[in-house]
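Chemist: sequence unknown, structure follows:
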């Protein structure tokens, strides 16, 4: 929602008038009608404010001495109770409402210049931040990439240098800058994923220093603005593998240091923020124990809608050999509702329902407009009809795999289903097939 328009002076004048009315009305309702006026003290009933000067004192039913109001009958024991200032609380509420309106006019004036996110407190801005690497989205109206307004506002406040230590720590933790798989099969190295949030801008760089409590520091990485996580041709994160022993429990300490970016050689620079996060890791026997299998109709539907399979075939050296190139594109926007589920998978080439070959997919997929593109190729040698000769006998099976899902470090479940795509559907004239 856009803020109301109008020149700034209109809102400042409105705020000034309402603010002055708040002060005047508040002072009148709280302080004007005091008991001392004109050098004399007025004695008034604290209930109906009737002037009781000259009313004789008496005693109540219990024999206590005091003064009874002849107007409303209220009995007051102490004279101090007759000298109270009359306060009109209804008008106090009206004055408070005018004060809120004056503050609202100031807020609207600022919102006209910087937007509604500019008037939000920093705590709210951090709470609304998207995950690191997910700040950019496509505007349906223009088809252009736009940055989240909360991320842009956070970047402005980071450049202003007005973030305390606890907000730095919460922002980096809240946006999942560091992700570590907490349950790890034996023999597998720890996979640490470090993302550089866009709100750090181009002036700051993020350094990640990783060590295991059992050994000396073993890995150091620097993420600079040159390695922009919002690039459409690379993953929006850096991954590093940390070899660990098969001991049952480990604790990785990840030190994050935010520093101004300077060209090499790097002179000593002031650190904007420096903090350490600890991530406990537990060894388990297998990938199936590290990740729980997830099945269900909604998951199967999401997998089939999100994954588009492309296949290209060409003859190889021998007449009966063919090279099959498979690309599978996973649309992350479709998988969004199932964020906690890993969609790691393997692809098999089937002939008459029997697996002939499996594809070794890329270890590092490409990220293009919120779509992960996995690719792999294999050489097949088949005595029967080739794919080009009789594609109806061939198909591709996409099946979820626990080992392939270990790279999704932010998930604790994996898609355990599968689906089969006929080859004649994939070998359309356009060369593109889809499971949709």
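Modeler: Sure thing, it's come through. This is a predicted model, so every value here is computed, not measured.
Chemist: CA atoms for contacts and neighbours, from now on please.
Modeler: Noted.
Chemist: just the helices in the chain please.
Modeler: 8-27, 89-114, 122-127, 149-160, 165-174, 287-290, 297-306, 332-335, 402-405, 423-426 (DSSP state H).
Chemist: most distant residue from the middle of the chain?
Modeler: residue 56 (72.6 Å; C-alpha atoms, centre = their mean).
Chemist: Identify the residue spatially nearest to it, adjacent ones excluded.
Modeler: In space, and not counting its chain neighbours, residue 56 is closest to residue 67: 7.0 Å by C-alpha to C-alpha, 6 or more residues apart in numbering.
Chemist: Residue 46 now?
Modeler: residue 82 (6.1 Å).
Chemist: ok, now residue 88?
Modeler: residue 29 (5.0 Å).
Chemist: Next: residue 399.
Modeler: Once flanking residues are discounted, residue 399 sits nearest to residue 418: 4.0 Å by C-alpha to C-alpha, 6+ apart.
Chemist: Kindly report the same for residue 77.
Modeler: residue 66 (4.0 Å).
Chemist: Surely that neighbour touches residue 56?
Modeler: No. The criterion here is C-alpha atoms under 8 Å, and residue 66 misses it with residue 56 at 9.1 Å.
Chemist: Check the burial of the residue nearest to residue 399 by counting its neighbours.
Modeler: Residue 418 has 17 neighbouring residues, counting by other C-alpha atoms under 10 Å.
Chemist: How about residue 260?
Modeler: 15.
Chemist: how near is it to residue 168?
Modeler: Residue 260 is 15 Å from residue 168, where distance means C-alpha to C-alpha, to the nearest Å.
Chemist: just residue 380 next, same as before
Modeler: 53 Å.
Chemist: ok, the residue nearest to residue 77 - contacts?
Modeler: For residue 66, the contact set (C-alpha atoms under 8 Å, 6 or more residues apart in numbering) comprises 57-60, 75-78.
Chemist: That one pairs with what?
Modeler: Here residue 66 sits in beta bridges with residue 58, going by DSSP bridges.
Chemist: My guess is the residue nearest to residue 399 contacts residue 401. True?
Modeler: No. Residue 418 is beyond contact range of residue 401, at 9.4 Å (criterion: C-alpha under 8 Å).
Chemist: Common neighbours of those two, please.
Modeler: With C-alpha under 8 Å, 6+ apart, residue 418 and residue 401 have no common neighbours.
Chemist: Run through the residues that contact residue 172.
Modeler: Counted by C-alpha under 8 Å, 6+ apart, residue 172 has contacts residue 178.
Chemist: which stretches of the stretch 101-250 of the chain aren't confidently modelled?
Modeler: 111, 114, 202-205, 211-236 (pLDDT under 70).
Chemist: let's see it at 80
Modeler: By pLDDT under 80, the weakly predicted segments of the stretch 101-250 of the chain are 107-116, 118-119, 133-134, 136-140, 143, 145, 161-162, 201-241.
Chemist: Would you mind measuring the gap between the ends of stretch 35-45?
Modeler: End-to-end distance of stretch 35-45: 11 Å, with C-alpha to C-alpha as the criterion.
Chemist: how near is the most centrally placed residue in the chain to residue 277?
Modeler: Nearest residue to the geometric centre of the chain (C-alpha atoms, centre = their mean): residue 130, 3.0 Å. In this view, residue 130 and residue 277 are 20 Å apart by C-alpha to C-alpha.
Chemist: rewinding a little: mind giving me the PyMOL command for buried ones among the contacts of residue 66?
Modeler: Provided next is the PyMOL selection string for whichever of the contacts of residue 66 are buried by 16 or more other C-alpha atoms under 10 Å:
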select buried, resi 75+76+77
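Chemist: Of the contacts of residue 66, which pair is most distant in space?
Modeler: Pairwise distances among those were taken by C-alpha to C-alpha; the largest, 12.9 Å, belongs to 60 and 78.
Chemist: coming back round to it: can you give me the neighbour number for the residue nearest to residue 46?
Modeler: 23.
Chemist: Kindly report the same for residue 139.
Modeler: So residue 139, with other C-alpha under 10 Å, has 11 neighbours.
Chemist: Quickly note the distance from residue 27 to residue 312.
Modeler: Taking C-alpha to C-alpha, one finds residue 27 at 82 Å from residue 312.
Chemist: What is the distance between stretch 171-186 and the centre of its chain?
Modeler: 14 Å (C-alpha atoms, centre = their mean, to the nearest Å).
Chemist: Now it: buried residues?
Modeler: 171-172, 174-186.
Chemist: Among those residues, give me the pair with the biggest separation.
Modeler: In the buried residues of stretch 171-186, two members sit farther apart than any others by C-alpha to C-alpha. They are 171 and 186, at 32.5 Å.
Chemist: what residues does stretch 25-42 touch?
Modeler: With C-alpha under 8 Å, 6+ apart as the criterion, stretch 25-42 contacts 43-44, 51, 53, 83-89, 91-92, 95-96.
Chemist: Just list whatever residues bridge to residue 310.
Modeler: residue 327, residue 432.
Chemist: Just give the number of residues close to it.
Modeler: 21.
Chemist: gap between it and residue 325?
Modeler: 8 Å.
Chemist: Likewise for residue 43?
Modeler: To residue 325, residue 43 is 99 Å away according to C-alpha to C-alpha.
Chemist: what about the two, which has more around it?
Modeler: Per other C-alpha under 10 Å, whichever of residue 43 and residue 325 has more neighbours is residue 43, with 21 against 16.
Chemist: my guess is residue 135 meets residue 154, correct?
Modeler: No. Residue 135 lies out of contact with residue 154 (C-alpha under 8 Å); the separation is 11.3 Å.
Chemist: and those two? which has more neighbours close in?
Modeler: Higher neighbour count among residue 135 and residue 154: residue 154, with 25 against 21, using other C-alpha under 10 Å.
Chemist: Contacts only, for that one.
Modeler: 122, 125-126, 199.
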